[in-house]
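Asks: sequence and predicted structure, then a few things I'm wondering about:
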Amino acid sequence: MRGALERALDTAGKILRRHFGRARVSLKGRANLLTQADLESQRAVLSLIERSFPAHDYLAEEKASKRTGAEYTWVLDPLDGTTNYAHGYPAFCVSIGVLRRGEPVLAGVYDPSRDETFLAEAGRGAALNGKPMRVSKTAKLADSLLVTGFAYDRAERSHYYVEYYRDFMTRCHDVRRSGTAALDLAWIAAGRADGFWEFGLSPWDVAAGLLLVREAGGRVTDFSGGAWPSLERFGWQTLATNGRIHAPMLKVIRGHLSKENA
(Lines give C-alpha, C1' and ligand atoms only; values in the text may rest on other atoms or scores of the structure.)
Protein backbone atom coordinates (compact mmCIF):
# COMPACT_ATOMS: atom_id res chain seq x y z
CA MET A 1 0.00 0.00 0.00
CA ARG A 2 2.86 2.37 0.69
CA GLY A 3 3.88 2.36 -2.97
CA ALA A 4 0.33 3.16 -4.03
CA LEU A 5 0.17 5.97 -1.49
CA GLU A 6 3.37 7.52 -2.81
CA ARG A 7 2.11 7.28 -6.40
CA ALA A 8 -1.15 8.94 -5.36
CA LEU A 9 0.68 11.81 -3.66
CA ASP A 10 2.92 12.31 -6.69
CA THR A 11 0.00 12.21 -9.13
CA ALA A 12 -2.03 14.72 -7.13
CA GLY A 13 0.99 16.97 -6.63
CA LYS A 14 1.60 17.21 -10.38
CA ILE A 15 -2.02 18.24 -10.91
CA LEU A 16 -1.82 20.94 -8.25
CA ARG A 17 1.40 22.34 -9.69
CA ARG A 18 -0.09 22.45 -13.18
CA HIS A 19 -3.11 24.52 -12.12
CA PHE A 20 -1.40 26.72 -9.54
CA GLY A 21 -1.73 30.42 -10.34
CA ARG A 22 -4.62 29.95 -12.77
CA ALA A 23 -7.20 27.95 -10.85
CA ARG A 24 -10.91 28.48 -11.57
CA VAL A 25 -12.71 29.10 -8.28
CA SER A 26 -16.24 28.48 -7.05
CA LEU A 27 -17.77 28.74 -3.58
CA LYS A 28 -19.10 25.96 -1.36
CA GLY A 29 -19.71 28.51 1.39
CA ARG A 30 -18.86 32.11 2.30
CA ALA A 31 -15.21 31.23 3.00
CA ASN A 32 -15.12 27.66 1.66
CA LEU A 33 -13.58 27.64 -1.81
CA LEU A 34 -13.41 24.96 -4.48
CA THR A 35 -11.18 24.83 -7.56
CA GLN A 36 -10.97 22.50 -10.54
CA ALA A 37 -7.64 21.37 -9.11
CA ASP A 38 -9.45 19.94 -6.05
CA LEU A 39 -11.74 17.92 -8.28
CA GLU A 40 -9.10 16.76 -10.75
CA SER A 41 -6.73 15.76 -7.97
CA GLN A 42 -9.47 13.81 -6.18
CA ARG A 43 -10.58 11.98 -9.34
CA ALA A 44 -7.01 10.93 -10.08
CA VAL A 45 -6.32 9.63 -6.58
CA LEU A 46 -9.63 7.78 -6.25
CA SER A 47 -9.07 6.18 -9.65
CA LEU A 48 -5.69 4.91 -8.48
CA ILE A 49 -7.16 3.55 -5.24
CA GLU A 50 -10.03 1.81 -7.02
CA ARG A 51 -7.67 0.17 -9.50
CA SER A 52 -5.15 -0.92 -6.88
CA PHE A 53 -7.50 -1.85 -4.03
CA PRO A 54 -11.05 -2.35 -5.34
CA ALA A 55 -12.23 -3.79 -2.01
CA HIS A 56 -11.09 -0.81 0.06
CA ASP A 57 -13.40 1.96 1.23
CA TYR A 58 -12.65 5.67 0.91
CA LEU A 59 -13.76 9.06 2.18
CA ALA A 60 -12.78 12.19 0.27
CA GLU A 61 -13.50 15.86 0.88
CA GLU A 62 -15.31 16.66 -2.33
CA LYS A 63 -18.42 14.57 -1.67
CA ALA A 64 -17.04 11.16 -2.54
CA SER A 65 -17.27 8.14 -0.27
CA LYS A 66 -17.48 4.38 -0.32
CA ARG A 67 -18.49 2.90 3.03
CA THR A 68 -19.00 -0.86 2.83
CA GLY A 69 -17.40 -1.76 6.15
CA ALA A 70 -14.14 -2.82 4.50
CA GLU A 71 -11.06 -3.41 6.64
CA TYR A 72 -9.23 -0.44 5.08
CA THR A 73 -10.47 3.09 4.43
CA TRP A 74 -8.52 5.76 2.52
CA VAL A 75 -9.20 9.29 3.77
CA LEU A 76 -8.29 11.96 1.24
CA ASP A 77 -7.98 15.71 1.05
CA PRO A 78 -7.01 16.33 -2.59
CA LEU A 79 -6.07 19.95 -1.87
CA ASP A 80 -5.76 21.19 1.69
CA GLY A 81 -5.33 24.94 1.75
CA THR A 82 -7.69 25.72 -1.14
CA THR A 83 -8.09 29.38 -0.17
CA ASN A 84 -4.31 29.81 -0.23
CA TYR A 85 -4.15 27.97 -3.54
CA ALA A 86 -6.88 30.07 -5.14
CA HIS A 87 -5.04 33.27 -4.18
CA GLY A 88 -1.65 32.05 -5.39
CA TYR A 89 -0.32 31.74 -1.85
CA PRO A 90 2.12 28.79 -1.80
CA ALA A 91 0.93 26.94 1.31
CA PHE A 92 -1.14 23.89 0.35
CA CYS A 93 -0.79 20.13 0.16
CA VAL A 94 -2.29 16.73 -0.63
CA SER A 95 -3.18 14.65 2.43
CA ILE A 96 -3.94 10.91 2.43
CA GLY A 97 -4.44 8.69 5.45
CA VAL A 98 -5.19 4.97 5.44
CA LEU A 99 -7.18 3.54 8.33
CA ARG A 100 -7.43 -0.11 9.31
CA ARG A 101 -10.62 -0.71 11.26
CA GLY A 102 -10.67 2.97 12.17
CA GLU A 103 -7.03 3.27 13.25
CA PRO A 104 -4.47 5.17 11.12
CA VAL A 105 -1.82 2.81 9.77
CA LEU A 106 -0.35 4.71 6.81
CA ALA A 107 -0.10 8.42 6.08
CA GLY A 108 1.27 10.80 3.52
CA VAL A 109 1.27 14.58 3.06
CA TYR A 110 2.87 16.12 -0.02
CA ASP A 111 3.75 19.81 -0.27
CA PRO A 112 4.24 20.61 -3.99
CA SER A 113 5.59 24.12 -3.33
CA ARG A 114 8.60 22.78 -1.43
CA ASP A 115 8.66 19.29 -2.97
CA GLU A 116 8.41 17.77 0.50
CA THR A 117 6.88 14.37 1.17
CA PHE A 118 5.95 13.46 4.73
CA LEU A 119 5.30 9.74 5.27
CA ALA A 120 4.49 7.58 8.27
CA GLU A 121 3.62 3.95 8.88
CA ALA A 122 2.26 2.68 12.18
CA GLY A 123 5.08 1.31 14.28
CA ARG A 124 7.75 2.22 11.74
CA GLY A 125 8.30 5.92 12.33
CA ALA A 126 7.91 9.03 10.19
CA ALA A 127 10.11 10.50 7.48
CA LEU A 128 10.53 13.69 5.46
CA ASN A 129 11.84 13.06 1.95
CA GLY A 130 13.13 9.70 3.12
CA LYS A 131 14.94 10.96 6.23
CA PRO A 132 13.63 10.18 9.74
CA MET A 133 11.88 13.08 11.42
CA ARG A 134 11.05 13.79 15.04
CA VAL A 135 9.00 16.34 16.91
CA SER A 136 10.77 19.20 18.65
CA LYS A 137 12.32 19.00 22.12
CA THR A 138 10.81 22.26 23.35
CA ALA A 139 9.89 21.60 26.97
CA LYS A 140 7.99 24.73 27.97
CA LEU A 141 4.95 26.45 26.52
CA ALA A 142 6.73 29.75 27.14
CA ASP A 143 9.48 28.70 24.70
CA SER A 144 7.19 27.30 22.02
CA LEU A 145 6.08 28.25 18.53
CA LEU A 146 2.40 27.39 18.02
CA VAL A 147 0.21 27.02 14.95
CA THR A 148 -3.55 27.30 14.63
CA GLY A 149 -6.40 27.73 12.20
CA PHE A 150 -9.96 29.03 12.31
CA ALA A 151 -13.04 27.01 11.36
CA TYR A 152 -15.39 27.95 8.51
CA ASP A 153 -17.78 29.62 10.99
CA ARG A 154 -15.04 32.10 11.92
CA ALA A 155 -17.07 35.13 10.82
CA GLU A 156 -19.88 34.17 13.20
CA ARG A 157 -17.58 33.07 16.06
CA SER A 158 -14.57 35.31 15.53
CA HIS A 159 -14.59 36.64 19.10
CA TYR A 160 -14.61 33.10 20.53
CA TYR A 161 -11.69 31.86 18.42
CA VAL A 162 -9.65 35.01 18.98
CA GLU A 163 -9.92 34.53 22.77
CA TYR A 164 -8.00 31.27 22.44
CA TYR A 165 -5.51 32.93 20.10
CA ARG A 166 -4.96 35.80 22.52
CA ASP A 167 -4.48 33.47 25.48
CA PHE A 168 -1.89 31.34 23.72
CA MET A 169 -0.15 34.34 22.17
CA THR A 170 0.64 35.68 25.64
CA ARG A 171 2.11 32.33 26.74
CA CYS A 172 4.45 31.37 23.88
CA HIS A 173 7.06 32.86 21.56
CA ASP A 174 4.47 33.37 18.81
CA VAL A 175 1.51 31.85 16.95
CA ARG A 176 1.36 31.16 13.21
CA ARG A 177 -1.64 30.56 10.92
CA SER A 178 -0.87 28.86 7.63
CA GLY A 179 -4.36 28.00 6.37
CA THR A 180 -3.62 24.30 5.85
CA ALA A 181 -4.17 22.02 8.83
CA ALA A 182 -2.67 18.92 7.20
CA LEU A 183 0.58 20.77 6.54
CA ASP A 184 0.51 22.25 10.06
CA LEU A 185 0.41 18.73 11.48
CA ALA A 186 3.21 17.60 9.18
CA TRP A 187 5.33 20.51 10.41
CA ILE A 188 4.62 19.60 14.04
CA ALA A 189 5.91 16.10 13.17
CA ALA A 190 8.99 17.62 11.55
CA GLY A 191 9.78 19.74 14.62
CA ARG A 192 9.19 23.06 12.87
CA ALA A 193 6.52 24.04 15.38
CA ASP A 194 5.71 22.71 18.81
CA GLY A 195 1.92 22.73 19.15
CA PHE A 196 -1.27 23.09 17.09
CA TRP A 197 -4.92 23.53 18.02
CA GLU A 198 -8.05 23.98 15.94
CA PHE A 199 -11.81 23.53 16.09
CA GLY A 200 -14.05 22.12 13.38
CA LEU A 201 -11.66 20.07 11.27
CA SER A 202 -12.85 17.10 9.20
CA PRO A 203 -11.45 13.56 8.98
CA TRP A 204 -9.59 14.31 5.75
CA ASP A 205 -7.81 17.24 7.43
CA VAL A 206 -6.25 15.11 10.17
CA ALA A 207 -6.21 11.42 9.18
CA ALA A 208 -2.68 11.66 7.77
CA GLY A 209 -1.30 14.29 10.15
CA LEU A 210 -2.44 12.32 13.18
CA LEU A 211 -0.19 9.41 12.31
CA LEU A 212 2.71 11.64 11.22
CA VAL A 213 2.75 13.33 14.63
CA ARG A 214 2.37 10.08 16.55
CA GLU A 215 5.12 8.29 14.66
CA ALA A 216 7.43 11.30 15.03
CA GLY A 217 7.09 11.05 18.81
CA GLY A 218 4.32 13.57 19.43
CA ARG A 219 0.80 13.40 20.79
CA VAL A 220 -2.62 14.12 19.24
CA THR A 221 -5.90 14.28 21.18
CA ASP A 222 -9.19 16.10 21.32
CA PHE A 223 -9.64 18.91 23.83
CA SER A 224 -10.55 16.47 26.61
CA GLY A 225 -7.16 14.79 26.19
CA GLY A 226 -8.74 11.67 24.68
CA ALA A 227 -9.06 10.01 21.28
CA TRP A 228 -11.84 10.69 18.79
CA PRO A 229 -14.69 8.19 19.17
CA SER A 230 -15.34 7.67 15.45
CA LEU A 231 -14.17 8.58 11.97
CA GLU A 232 -16.96 11.12 11.67
CA ARG A 233 -15.61 12.99 14.71
CA PHE A 234 -11.96 12.93 13.61
CA GLY A 235 -10.59 16.42 14.00
CA TRP A 236 -13.61 18.15 15.53
CA GLN A 237 -11.32 19.30 18.34
CA THR A 238 -7.65 18.84 17.49
CA LEU A 239 -4.65 19.33 19.73
CA ALA A 240 -1.29 18.12 18.39
CA THR A 241 2.01 18.73 20.15
CA ASN A 242 5.52 17.45 20.66
CA GLY A 243 4.11 15.79 23.78
CA ARG A 244 6.10 17.95 26.16
CA ILE A 245 3.74 20.93 26.00
CA HIS A 246 0.53 18.94 25.64
CA ALA A 247 -0.57 19.24 29.27
CA PRO A 248 -0.07 23.03 29.51
CA MET A 249 -1.91 23.55 26.21
CA LEU A 250 -4.77 21.38 27.45
CA LYS A 251 -4.91 23.47 30.62
CA VAL A 252 -5.36 26.68 28.62
CA ILE A 253 -8.03 25.12 26.41
CA ARG A 254 -9.93 23.59 29.31
CA GLY A 255 -9.97 26.96 31.03
CA HIS A 256 -11.90 28.40 28.11
CA LEU A 257 -14.19 25.39 27.76
CA SER A 258 -15.06 25.47 31.46
CA LYS A 259 -16.06 29.14 31.19
CA GLU A 260 -18.16 28.34 28.13
CA ASN A 261 -19.97 25.51 29.94
CA ALA A 262 -20.41 27.39 33.21
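Replies: Arrived safely.

Asks: surely Glu62 touches Asp77?
Replies: No. Applying C-beta atoms under 8 Å, one finds Glu62 not in contact with Asp77, separated by 9.2 Å. Using the backbone N, CA and C atoms, a C-beta is placed for each residue, glycine as well.

Asks: neighbour count for those two, which is higher?
Replies: Asp77 (32 against 17; other C-beta atoms under 10 Å).

Asks: bridging residues for the more buried one?
Replies: Listed beta-bridge partners, Asp77: Ser95 (assigned using DSSP bridges).

Asks: pLDDT value on it, please?
Replies: For Asp77, the pLDDT comes out at 96.

Asks: and if you look at Phe53?
Replies: For Phe53, the predicted pLDDT is 98.

Asks: could you check how far it is from Thr73?
Replies: Distance of Phe53 to Thr73, computed by C-beta to C-beta, to the nearest Å: 10 Å.

Asks: okay, domains of this structure per the record?
Replies: 2-132, 141-261 (automatic domain parsing).

Asks: remind me which residues of the stretch 151-262 of the chain are low pLDDT?
Replies: Along the stretch 151-262 of the chain, the parts satisfying pLDDT under 70 run over 152-155, 261-262.

Asks: in which helix or strand would I find Thr238?
Replies: Thr238 belongs to strand 237-241 when elements are defined using DSSP states H and E.

Asks: what is that strand packed up against?
Replies: helix 181-189, strand 195-199, helix 203-215, strand 219-221, helix 246-261 (3 or more C-beta pairs under 8 Å, 6 or more residues apart in numbering; DSSP states H and E).

Asks: one more time with 7 Å, if that's ok
Replies: Packing contacts for strand 237-241, counted by 3 or more C-beta pairs under 7 Å, 6 or more residues apart in numbering; DSSP states H and E, involve strand 195-199, helix 203-215, strand 219-221, helix 246-261.

Asks: neighbouring strands for that strand, and are they parallel or not?
Replies: In the sheet, strand 237-241 lines up with strand 195-199 (antiparallel), strand 219-221 (antiparallel) (DSSP bridges).

Asks: what's the angle from it to helix 203-215?
Replies: If you take axes from the mean of the first three to the mean of the last three C-alpha atoms, to 10 degrees, strand 237-241 sits at 30 degrees to helix 203-215.
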